[in-house]
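In: the following comprises the amino acid sequence and a computationally predicted model.
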Amino acid sequence: MARKRTEFGTLYKGNPEGQWAWIAHRVTGVAIILFLFAHIVDTAVIGWGPEAYNRVVAVYQNWAVRLLELVLVAFVIFHAVNGVRIMLIDFWPEAALYGRQVFYATMAVFVAAMIPITWIMGREILKLVI
């Protein structure tokens, strides 16, 4: 059981799934913020004229950058689905008793969402590689 009743309320005793989800949520959040900063910068290049902007945007036609875009999409989806898991536990504290099952359900939704996305984006990446 992940929670124990005490005189102070219900205390979280932790489990590996919850700790990995916590770490992944923080890492994906930081990565998304860093991307947003880079996106603001590359969009601001338009101030130097269309030629400068077109040179910056041409970088996005590289297969490695497209692969990073796929990773970014995975980060955004995981962060969103895990955020729903966190809200579920916040608004329904009994859900913490099923922490392992909720974590695995979160991962199942993440994988189910990533399969078609990887298929669609992966085909475009392979076109650039081949």
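Out: Right, received. Where do you want to start? Numbers count the residues shown, from 1 in each chain.

In: which residue ranges of this protein form helices?
Out: Taking DSSP state H as the criterion, the chain contains helices spanning 16-44, 50-58, 63-91, 99-129.

In: okay, those, which one's buried deepest?
Out: Mean neighbour count, computed with mean count of other CB atoms under 10 Å, is highest for helix 63-91 among these, reaching a mean of 15. Bear in mind the C-beta positions are built from the backbone N, C-alpha and C, glycine included.

In: take the helices of the chain and write them to TSV, including mean pLDDT.
Out: What follows is the helices of the chain, written out as TSV (pLDDT from 0 to 100):
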stretch	mean pLDDT
helix 16-44	92
helix 50-58	92
helix 63-91	95
helix 99-129	95
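
In: residues in contact with residue 38?
Out: Neighbour list for residue 38: empty [criterion: CB atoms under 8 Å, 6 or more residues apart in numbering].

In: not counting its neighbours along the chain, what's nearest residue 25?
Out: Nearest residue to residue 25, sequence neighbours excluded (CB to CB, 6 or more residues apart in numbering): residue 82, at 5.0 Å.

In: equivalent analysis for residue 24, please.
Out: Per CB to CB, 6+ apart, closest to residue 24 is residue 78, 6.4 Å.

In: state the distance from the residue most central in space within the chain to residue 64.
Out: Nearest to the mean C-alpha position of the chain, by CA atoms, centre = their mean, lies residue 75 at 2.2 Å. Using CB to CB, to the nearest Å, residue 75 is found at 17 Å from residue 64.
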